[in-house]
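Trainee: Sequence and predicted model, in that order:
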Amino acid sequence: LDVCSSDLLEICGTFVGLLYLWLEYRASVYLWLASIVMPAIYIFVYYRVGLYADFGINIYYLLAALYGWYIWKYGNKTENGAGKQPVGELPVSRMPLHYYLPSTFVFIFLFVAIGYILLFFTDSNVSWWDSFTTALSVIALWMLAHKYVEQWLVWIVIDVACCGIYVYKGLYFTAFLYGFYAVVAIFGYLKWKKMMQ
C-alpha cells in the first residue's frame with residue numbers, strides 16, 4: 001500500500017470506529033457488524049506501521065464479532081421444561097466475581113507471551129506496550145460479548161494507552177479516535193449502569 005491509500009484506509013477505519021462506538025454506547029447488537037468491518041480495515045493499517053500485536057488482535061476481533069453477535073442476540077436464557085433455551089437479547093449485567101481471577105491469569109499469560117514474541121521475533125519498537133493493549137483487549141472484548149458493564153472501565157485503560165502509542169507511531173487519526181473512545185467510555189459506563197438498573 002502506498003502512503004495515500006494507507007492514510008485513506010486509516011480515515012475510513014476511524015469513521016467506522018466512531019459508528020461502532022455510537023452503537024456500543026446504545027448497546028445495539030448492530031455494533032458487531034461494525035466490529036467486522038473495522039478490524040478488516042485496520043489489519044492493513046497496523047501491519048504497515050509494525051504494530052504486529054494490534055494486527056493479530058484484529059484477526060481475533062473478526063472472529064470474536066461473530067461470537068459476540070450470537071451471545072448478544074440469543075444469550076438471554078431462561079429455564080423451562082426442556083432446559084435452558086434462548087429467549088431474547090442478553091441484558092446488561094455485572095461480571096460475576098468468579099471470573100476476575102481467571103481473567104487476570106489469562107491477561108498475564110497473554111501479556112508475557114505476546115510481549116516475548118514481539119520483542120524477539122519482530123522489529124517492533126513498542127513491544128510491551130503493544131502486548132499490554134492487545135492482551136487487555138482480549139479480556140475486554142470477551143467482557144463486551146457478555147455485556148458486562150465493567151468492560152467500559154477496561155476499555156478506558158486500553159484507549160488511553162493506545163492513544164499514546166498511536167501518537168508515537170504517527171497514526172494521528174487513530175490516536176484521535178482512541179482519545180475520543182476514552183472520553184465516551186466514561187459516559188458509556190454510566191449509561192450501561194442505568195440500563196442495568
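Mentor: In hand now; what should we look at? Nothing here was measured: the structure is a model prediction, and the numbers come from that model.
Trainee: Could I get the buried residue list for the helix or strand where Phe109 lies?
Mentor: Per DSSP states H and E, Phe109 falls inside helix 100-121. Using 16 or more other CB atoms under 10 Å as the test for burial, helix 100-121 gives Ser103, Phe107, Leu110, Phe111, Ile114, Gly115, Ile117, Leu118. Every C-beta, even on glycine, is put in place using the N, C-alpha and C of the backbone.
Trainee: what's the model's confidence in the helix ranked longest in the chain, averaged?
Mentor: If you go by DSSP state H, the chain has its longest helix at helix 172-196. Throughout helix 172-196, pLDDT has a mean value of 90.
Trainee: follow-up on the earlier one: I'd like the buried residues of helix 100-121 laid out as CSV, including pLDDT and distance to Tyr168.
Mentor: Below are the buried residues of helix 100-121 laid out as CSV (pLDDT from 0 to 100; distance: CB to CB, whole Å):
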residue, pLDDT, distance to Tyr168
Ser103, 97, 28
Phe107, 97, 23
Leu110, 96, 22
Phe111, 97, 19
Ile114, 92, 18
Gly115, 94, 17
Ile117, 92, 20
Leu118, 89, 15
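Trainee: show me where this protein has helices.
Mentor: 3-25, 31-49, 52-74, 100-121, 127-145, 151-169, 172-196.
Trainee: Next, the angle from the second one to helix 172-196.
Mentor: Interaxial angle of helix 31-49 relative to helix 172-196 (axes from the mean of the first three to the mean of the last three CA atoms, to 10 degrees): 150 degrees.
Trainee: same question for helix 31-49, mean pLDDT?
Mentor: 85.
Trainee: ok, back up a step: next, the angle helix 52-74 makes with the helix holding Phe109.
Mentor: 150 degrees.
Trainee: Counting by contacts, list what helix 100-121 packs against.
Mentor: helix 52-74, helix 127-145 (3 or more CB pairs under 8 Å, 6 or more residues apart in numbering; DSSP states H and E).
Trainee: which stretch in the ones you listed has the least confidence?
Mentor: helix 52-74 (a mean of 83).
Trainee: Could you export it as CSV, keeping only the C-alpha atoms?
Mentor: Backbone C-alpha positions of helix 52-74 (Å, rounded to 0.1, in the frame of the first residue of the first chain) are rendered in CSV as follows:
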residue,chain,number,x,y,z
TYR,A,52,2.1,-6.6,14.9
ALA,A,53,0.1,-7.5,18.0
ASP,A,54,-2.6,-5.0,17.0
PHE,A,55,-2.5,-6.6,13.6
GLY,A,56,-3.0,-10.0,15.2
ILE,A,57,-5.7,-8.8,17.6
ASN,A,58,-7.8,-7.5,14.7
ILE,A,59,-7.9,-11.1,13.3
TYR,A,60,-9.2,-12.1,16.7
TYR,A,61,-11.7,-9.2,16.6
LEU,A,62,-13.2,-10.5,13.3
LEU,A,63,-13.8,-14.0,14.8
ALA,A,64,-15.0,-12.6,18.2
ALA,A,65,-17.5,-10.4,16.4
LEU,A,66,-19.4,-13.5,15.3
TYR,A,67,-19.4,-14.9,18.8
GLY,A,68,-20.4,-11.6,20.3
TRP,A,69,-23.3,-11.1,17.9
TYR,A,70,-24.6,-14.6,18.8
ILE,A,71,-24.3,-14.1,22.5
TRP,A,72,-26.0,-10.7,22.4
LYS,A,73,-28.8,-11.9,20.2
TYR,A,74,-29.5,-15.2,21.8
